[in-house]
Structure formats: structure tokens, C-alpha cells
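>>> Show me the folded form of this:
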Amino acid sequence: LTLWGAVAMGTGVMIGAGIFALTGQLAELAGPLFPLAFLAAAVVAGFSAYSYIKMSATWPSAGGIAMFLSKAYGKGTMTAACALLMYFSMVINESLVARTFGTYTLQVLDLGNPDMAVPALGVGLLLIAFIVNILGNKFIQGLSYVTAFLKIGGLVFLAGGGLWVAGVSFEGVSEAGEATPVIGFLGAVALGVLAFKGFTTITNSGGEITNPHKNVGRAIVISLAICVVIYMLVAIAVAGNLTIEEIVAARDYSLAEAARPAYGELGLWITVGFAIVATVSGVIASIFAVSRMLAMLTDMKLVPHSHFGMPGSIQKHTLVYTVVLAMGLTVFFDLSRIASIGAILYLIMDIAIHWGIFRYVRKETGANAAILVIAMVLDVLVLGALIWVKLQSDMVVIWASVIVLVLVFSGEKLFLRNKSDSA
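So this is what the prediction gives:
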């Protein structure tokens, strides 16, 4: 992968998971301040990216986060469990994007009961992404280039029309008339981080990027910069054309609704078209990186592995496992719960990355202690807010997150202990 191929992959994952899937959910929590929640999430992601850039510059690897954790914590339970949290959060992200694909597609196609059609379309997308990944790196890079330009151009086009109609104002959201609770705003920021965490797919493919010591960091910075500009333009356009009530009512397809004032029914079709491009390319790029991370964990003998009679390399097997797991999540969880669980798991893993660098490898990486502390404080702040919001509104998210954490940490401890005993 070249520098710009990595940028295309990073922006592909971020835009696919971000603005289309999360705008309505952020508006539900942050009210009229939801565009600022996207901006605050970019700040949190920027501080987080510092750790990944420092680690990538020191130890570029196709295993990315798995290798980073092993450098900090050694090849033990902490490394394996936290790497799996990252893996699961990325697979959850893929199911989020897959369901977003189904939701937007149904805005222009009548395929019957949405409760059945949305997951069916999502599973179909994941199957296509699997086939594309089998075709190899060069095909994925070429596809990422094309779709990245399409998505960026399309979103700028939609945002431009929305801003022109709204006159760059917040008249729509201002009708809500209620102050945004701080805890709700911070919870929205936690979800907003999901819109930017796609930069980690670049680190997970570090070993396959040309001149990785420099280009991984450059690709992350460029991808984040592109996405924050695009997200802010689109969020302001949505805020200017719809009230908070309208955004929340259409929270799973709010961009399609926001396009109507500027472009009418044509705007709906255009938005759905761009959403399909964004989600398809986002899933393909994410599966490419995440399956490689799991393959690295397998090679490091930190996770159990079974061929299940399948031919081919370990990476091909992890590709199958990743897609099958994403399909299951797509079928059984809705968009809101998928996003919340993914954010909780990712932020816990992110804190572990910062702490590992701060405590164990700060000198080797040359990382600034103050920046690492700020990154940890920001993560803890938004994670605590999201957990508090879900404790009040949706205990399923809390219980699901707790179950995953317990199974991952206890399962890894048991697996590594048995491996050690047998050795």
C-alpha cells in the first residue's frame, strides 16, 4: 500500500462508519450541539492518534495494535485481551456499517419488512466484502482510491447544497429550545469517536505500507484532517435543514432526510447512492485490516485457532471468522446498540494503549508524557459519560459490554495458562 492508498483506506473506513451511521445518534444525545460533538470527538481521536503514530514509527507491523500491546505488556493476558477488544470493536463497526447500508438502501427500494430487509442487505454486503478481500491488496487499494474520491466529492456536494439552502445557519436545530446536558454531550462525543477510529486500520496494515516508519503517521494525520472537515460541513448542513426532532426521528438515515430541502427527491437518491458507496468501501477496507490483525494474534499464539477443515493460509481463515461474526452482529443488534457497545470496547482498549506507552515504552517511542495523560483523561471522561447515559436508558448495552469483557479476559487467561502448562 502506498501513502495515498493508506489514506484512501483510512478515510474509507471512517466515512463509511461515521457521518452516515452516527449523525442521528449524536443529535439524540447532544441536541443542537451535535456538530460540536463531532468536532470534540475529532480532538479526542487526535490525541489518541498520537500514541498510534509514535508506536507505528517505532515498530511498524501488519499486526498493528496487537504488536503495540505486546511491546508494552509482553505476550500475556493483557495484550491478548486488549487486542481482542480492538478486534471485536472493529467487527462491531463492520456490522454498524452493514446495517447502515441496509437502512439507506431501503429509503429508495421497497423490500418489505425493514426488520428483515435491513439485516439481510447487511449480510449481503458483508458477503460481497469477503469476496473482494479474497481478490487481494492491489484490488482493494484501487477500489479504495476510487471510492474515497467519490465519497468526499459526494459529501461536499450534499453539504454545499444543504448549506446553500440553510444559509449556513442553525435555524432548524435552534427550534429545539432545550439546553444540552453536559453528560449527554460527552456521551455523544464518545459515539463520535467511532467516526474517526477508522484510522486504526492504517496501523493494522503498517507492515504492508511502503516506508511505514514515516507513511503510517502521515496517512493517519491526513485521513483525520480530511474527515473532520467533511464531517463538520455535513453536520452543519444537517443542523441547518432539520430540527432536532426530525433528525432523531430519521436518526438511521438523517443525511437522506437533510438532502430533501436542497435537492428534493433527487437528493434522496443521490444521498443513498453515496451512502452505498461509503458503506461498501468502508466494510471492505475494515475487513482487510481487521482480519490481518487477528492473523497476527494467531501467529503470536495469543488466541486459539482452528482451521475447521478450511484450506489456505491463517489470514484467509481469520477473514472467514471476521465476516461470519460481523454477520451475526448485523442480524441480532440494532444500530444504536452496535454503536454504543463498539465505542465502549474501543475506548477501554484505547486507554490500555496510552497507559502501556506511558508506563513501559515511553523512552523507546519518544512519546510526550503530557500528551499521553491528556489522551487518557479524555478517553475516561467520554467513556464514563457514555456508560452513565446507557445505565439510565439501555442496560442491554451495559450487560453486553460486561459479558464481552468478562469472556475475553477470563477466556484469554485460561487459554494462555493451558498453553503454558502444555508447553
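>>> low-scoring stretches of the stretch 51-200 of the chain, by residue?
By pLDDT under 70, the weakly predicted segments of the stretch 51-200 of the chain are 61-64, 136-145, 148, 162-180.
>>> Identify the residues contacting Val238.
Thr23, Ala27, Gly162, Ile247, Ser254, Leu255, Ala258 (C-beta atoms under 8 Å, 6 or more residues apart in numbering). C-beta coordinates here come from the backbone N, C-alpha and C atoms, glycine included.
>>> Minimum pLDDT in these, which residue is that?
Ranked by pLDDT, those bottom out at Gly162, which has 66.
>>> Can you get me the start-to-end distance on stretch 191-199?
Stretch 191-199 has an end-to-end distance of 15 Å (criterion: C-alpha to C-alpha, to the nearest Å).
>>> and that stretch, how far from the chain's centre?
Relative to the centre of its chain, stretch 191-199 is centred 5 Å away, using C-alpha atoms, centre = their mean, to the nearest Å.
>>> the helices in the stretch 201-350 of the chain, which residues?
212-241, 244-249, 254-299, 314-332, 335-356 (DSSP state H, counting those that start in this stretch).
>>> As TSV, those helices with distance to Lys151 would be great.
Converted to TSV, the helices of the stretch 201-350 of the chain look like this (distance: least, C-beta to C-beta, whole Å):
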stretch	distance to Lys151
helix 212-241	8
helix 244-249	21
helix 254-299	5
helix 314-332	21
helix 335-356	19
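>>> Select, out of the ones you listed, the one closest to Phe196.
Minimum separation from Phe196 across those (C-beta to C-beta) falls at helix 212-241, 6.2 Å.
>>> out of the helices of the stretch 201-350 of the chain, which comes closest to Tyr73?
Here helix 335-356 is closest among the helices of the stretch 201-350 of the chain (C-beta to C-beta), at 5.6 Å.
>>> For the helix or strand following that closest one, which residues meet the burial criterion?
Sequence order places helix 362-365 as the next helix or strand after helix 335-356, per DSSP states H and E. Residues Arg362, Thr365 are the ones in helix 362-365 that count as buried (16 or more other C-beta atoms under 10 Å).
>>> after helix 362-365, next one along is what?
helix 369-393.
>>> In terms of secondary structure, what does the next helix or strand after that following helix contact?
Next in sequence after helix 369-393, counting helices and strands by DSSP H and E, comes helix 395-422. If you count contacts as 3 or more C-beta pairs under 8 Å, 6 or more residues apart in numbering; DSSP states H and E, helix 395-422 packs onto helix 77-105, helix 335-356, helix 369-393.
>>> which one of the helices of the stretch 201-350 of the chain has the lowest average pLDDT?
helix 254-299 (a mean of 78).
>>> Pull the distance from that one to the chain's centre.
Distance, centroid of helix 254-299 to centroid of chain: 11 Å (C-alpha atoms, centre = their mean).
>>> That one to helix 77-105, inter-axis angle?
Angle, helix 254-299 to helix 77-105, by axes from the mean of the first three to the mean of the last three C-alpha atoms, to 10 degrees: 150 degrees.
>>> Now do helix 254-299 and helix 314-332, the angle between them.
140 degrees.
>>> what angle do helix 254-299 and helix 212-241 make?
Using the same axes, to 10 degrees, helix 254-299 lies at 160 degrees relative to helix 212-241.
>>> Can you tell me, leaving aside adjacent residues, what's nearest to Phe47?
Nearest residue to Phe47 in three dimensions, chain neighbours excluded: Ala375, at 3.9 Å (C-beta to C-beta, 6 or more residues apart in numbering).
>>> From Ser313, how far out is that neighbour?
35 Å (C-beta to C-beta, to the nearest Å).
>>> Of those two, give the one with the bigger neighbour count.
Ala375 (26 against 10; other C-beta atoms under 10 Å).
>>> for stretch 189-197, how far is the first residue from the last?
Termini of stretch 189-197 sit 12 Å apart (C-alpha to C-alpha).
>>> Can you name the residues in contact with it?
Contacts of stretch 189-197 (C-beta under 8 Å, 6+ apart): 14, 17-19, 22, 25-26, 29-30, 37-38, 40-42, 44-45, 48, 89, 93, 96, 224, 227-228, 231, 339-340, 342-343, 346-347, 382-383, 385-386.
>>> Also stretch 357-374?
47, 50-51, 54-55, 57-58, 68, 71-73, 354, 376.
>>> ok, Ile19 touching Val234?
Yes. Counting by C-beta atoms under 8 Å, Val234 is a contact partner of Ile19 at 5.2 Å.
>>> Mutual contacts of those two, please.
By C-beta under 8 Å, 6+ apart, the residues touching both Ile19 and Val234 are Leu155, Leu255.
>>> which residues does Gly264 contact?
Applying C-beta under 8 Å, 6+ apart, no residues contact Gly264.
>>> Excluding chain neighbours, what is closest to Met55?
Met55's closest residue in space is Phe68 (C-beta to C-beta, 6+ apart), at 4.3 Å.
>>> in what helix or strand does that neighbour lie?
helix 65-73.
>>> I'd like the distance from that helix to the chain centre, please.
Worked out by C-alpha atoms, centre = their mean, helix 65-73 lies 20 Å from the chain centre.
>>> which other helices and strands contact that helix?
helix 34-58, helix 77-105, helix 200-204, helix 254-299, helix 335-356.
>>> wait, which of the ones you listed is closest to Leu329?
It's helix 77-105; of those, that one is closest to Leu329 (C-beta to C-beta) at 3.7 Å.
>>> So for Val43, what's the pLDDT?
Value for Val43, per-residue pLDDT: 94.
>>> which residues sit in contact with it?
Per C-beta under 8 Å, 6+ apart, neighbours of Val43: Leu378.
>>> and the gap between it and Asp299?
Computed as C-beta to C-beta, the Val43 to Asp299 distance reads 35 Å.
>>> what does Tyr73 give?
Tyr73 is 17 Å from Asp299, by C-beta to C-beta.
>>> Isn't Thr201 up against Ala289?
Yes. If you go by C-beta under 8 Å, Thr201 and Ala289 touch, sitting 3.7 Å apart.
>>> what touches both of those two?
By C-beta under 8 Å, 6+ apart, the residues touching both Thr201 and Ala289 are Met9, Val13, Met90.
>>> which one among those gets closest to Ile270?
For those, the nearest to Ile270 is Val13 (22.3 Å; C-beta to C-beta).
>>> burial count for the closest one?
35.
>>> Was I right to think it contacts Thr203?
No. With contact defined as C-beta under 8 Å, Val13 does not reach Thr203; the gap is 11.8 Å.
>>> any common contacting residues for the two?
Overlap of the contact sets of Val13 and Thr203 (by C-beta under 8 Å, 6+ apart) is empty.
>>> Could you report the neighbour count for Leu266?
11.
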